[in-house]
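Undergrad: Give me coordinates for this.
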Amino acid sequence: MKASEIREKSHQEMLDELDGCKRELLNFRFQWQAGELSNSALYKQIRKDIARFKTVIREVELGINPGFAKKIED
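TA: Numbering: from 1, shown residues only. Below you'll find the model as predicted:
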């Protein structure tokens with residue numbers, strides 16, 4: 001998912017998506033330990049998605065992107 005797509009979501013949707021990605025990452029870890037992981041590239045992609053969500057959420061908290069912060073307040 002691209003950062004621009006993440007910025008289009010509401011704050012609550014971002015938090016929900018972040019939580020879902022974390023759960024999915026945990027499931028991938030269990031599958032890897034059990035030797036059942038079929039596509040290891042998804043693990044890397046999910047880690048990057050989590051980082052993007054955290055970055056955008058932090059931008060809002062710091063007020064770095066003022067246009068986006070106004071959209072959330074409305």
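Undergrad: Flag every buried residue along whichever strand or helix holds E5.
TA: Using DSSP states H and E, E5 sits in helix 3-7. Buried residues in helix 3-7, counted by 16 or more other Cβ atoms under 10 Å: I6, R7. In this view, the C-beta of every residue, glycine as well, is placed from N, C-alpha and C.
Undergrad: next structured bit after that helix?
TA: From helix 3-7 onward toward the C-terminus, using DSSP H and E, the following helix or strand is helix 11-34.
Undergrad: elements contacting that next one?
TA: The elements that helix 11-34 packs onto, with contact taken as 3 or more Cβ pairs under 8 Å, 6 or more residues apart in numbering; DSSP states H and E, are helix 41-62.
Undergrad: From the contact counts, what lies against the helix it packs on?
TA: With contacts taken as 3+ Cβ pairs under 8 Å, 6+ apart, helix 41-62 sits against helix 3-7, helix 11-34, helix 66-73.
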